[in-house]
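> Need the 3D shape of this:
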Amino acid sequence: MKLNKSIYRVLIFTFLLVLPIGSRLSGQAVPGKDENIPFLVTFGKEGETSWGDDDFYQIFFFSIPKDFKQQFYIRVFDPDCGGENDEIQGIFNSKTLFSVYGGKGVDPEKNEDSRGLEKGVNYKMGNLLASKVFGNEARYDNKYFSFGPFNAAEGDLNEKWKSYIFKIVCEGVSGDDGNLYRYFLSRNPDNNLAIEGANAFTYAYTFRMWNDFKSVAHIYPYVDTGIIFIKQSNFDWDKDGKILVVSKYKQGIIVPISGQNDWAISKIPIEPAEENSSLDFQFHKQQESEGGLVKNNNVVVTLENQRGDAVKFYSSPIGGVPVYIPKTNITKIVPKK
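You can find the predicted model right below:
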């Protein structure tokens, strides 16, 4: 067919992958399936921060769709501190308190203290719905313990997201060992049955890396509208390889990395094309040729935007896992007369 108008030749310099976007989220596991993180970690309050936990507690939030009418459970995998997965310091002598909160005061968008980012604030606001202390108890090792049942209306209603918000706090109340654990939000107390439209998020992520040269861990912060830059802070990375930031606009920005028991802080510019989407923070372990395997590496990561507001990490990335989309050069070709 003969073209009478100007035509354009599109030159693409690398392959383009399709960004997976689901119509509704289904984020149940914490850490999420796309994060490739084996465990969350919380040490007893008598531990050393140089072991990879800066404050000895961790807070996660669950959002339940407003129209969800069934009961649900928050399941904790391996809640005890002892046995196969946990990090021993001498002998296992730690106790860990898990507490579930609902009601007014839980929603971190309405009550910033609930995020638990500032030392000395009351991050336990809300109605205490359930709690339990776990020590070195073999009957819970490598097994799930279920809190609940709960009803969605017991949470703190967020009208913007049409969701009820719940909070679970893991706190190392005694001892110095590291408790490694996971969560699952379920419709059943005995099995992991997902809740469509649910998700989980945190503002300060403390997690364990795999003891594997080839593994790459991911966490997915969500960049809202009007963000110009974010300030990243990573703690106790032990110089274990590199941390890259990938988005549909960024192919891979290297950020400064922390050593043992210190913080590395830097600013990352946000482009308009990255607003209303997730970033991919990738944690690449040091390779054997670079100095050997760093074992049992625990790391803490927080983010805030240019206004000083904390940025959420979602277990199921909003909009799907971000994939770099290379820039497209367009050359106008004028037909010869």
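> Give me the three-state assignment for residue 114.
Look at residue 114: counting by DSSP: H, G, I helix; E, B strand; the rest coil, its state is helix.
> Does it touch residue 107 like I think?
Yes - the criterion here is Cβ atoms under 8 Å, and residue 114 meets it with residue 107 at 7.0 Å. In this view, the C-beta of every residue, glycine as well, is placed from N, C-alpha and C.
> Could you verify my assumption that residue 239 touches residue 292?
No - the criterion here is Cβ under 8 Å, and residue 239 misses it with residue 292 at 11.9 Å.
> Overlap of the contact sets of these two?
Listed as contacting both residue 239 and residue 292 by Cβ atoms under 8 Å, 6 or more residues apart in numbering are residue 286.
> Comparing those two, which shows the higher neighbour count?
It is residue 239, of residue 239 and residue 292, that has more neighbours when counted by other Cβ atoms under 10 Å, with 14 against 10.
> What helix or strand is the more buried one located in?
Using DSSP states H and E, residue 239 sits in no helix or strand.
> mind listing what residue 250 touches?
Residue 250 touches 274, 279, 324, counting by Cβ under 8 Å, 6+ apart.
> swap that for residue 302, sorry
Taking Cβ under 8 Å, 6+ apart as the criterion, residue 302 is in contact with 117, 203, 204, 205, 232, 233, 310.
> That one in helix, strand or coil?
Three-state assignment for residue 302 (three-state DSSP): strand.
> On the strand side of things, show who it bridges to.
Using DSSP bridges, the bridge partners assigned to residue 302 are residue 204, residue 233.
> Residue 272 versus that one, what's the distance?
24 Å (Cβ to Cβ, to the nearest Å).
> Equivalent analysis for residue 188, please.
43 Å.
> Between these two, which is the more surrounded one?
residue 188 (15 against 11).
> Report how many residues lie close to the nearest residue to that one once chain neighbours are set aside.
Among residues not flanking residue 188 along the chain, residue 73 sits closest, at 6.9 Å (Cβ to Cβ, 6 or more residues apart in numbering). When neighbours are defined as other Cβ under 10 Å, residue 73 has 24 of them.
> cool, and residue 319?
Number of residues near residue 319 (other Cβ under 10 Å) recorded here: 17.
> Identify the bridge partners of residue 40.
Beta-bridge pairing for residue 40 (DSSP bridges): residue 181, residue 207.
> can you map out the strands along the stretch 51-200 of the chain?
Along the stretch 51-200 of the chain, the stretches classed as strands by DSSP state E, counting those that start in this stretch are 57-65, 71-77, 95-102, 127-134, 144-151, 156-158, 163-174, 178-186, 199-202.
> from the contacts of residue 302, which single one is nearest residue 164?
The closest of those to residue 164 turns out to be residue 203 (Cβ to Cβ; 18.7 Å).
> so the residue nearest to residue 188 touches residue 192, yeah?
No - applying Cβ under 8 Å, one finds residue 73 not in contact with residue 192, separated by 9.7 Å.
> Identify the residues contacting residue 140.
Residues near residue 140 by Cβ under 8 Å, 6+ apart: 78, 79, 80, 134.
> what about residue 36, distance to residue 218?
As defined by Cβ to Cβ, residue 36 lies at a distance of 6 Å from residue 218.
> Which one's more surrounded, these two?
In terms of neighbours (other Cβ under 10 Å), residue 218 is the more surrounded of residue 36 and residue 218; the figures are 20 against 17.
> The more buried one against residue 33, yeah?
No - using Cβ under 8 Å as the test, residue 218 is too far from residue 33 to be in contact (10.5 Å).
> from the chain's centre, how far out does stretch 200-210 sit?
5 Å (Cα atoms, centre = their mean, to the nearest Å).
> for the stretch 51-200 of the chain, which spans come out with low pLDDT?
Within the stretch 51-200 of the chain, no range satisfies pLDDT under 70.
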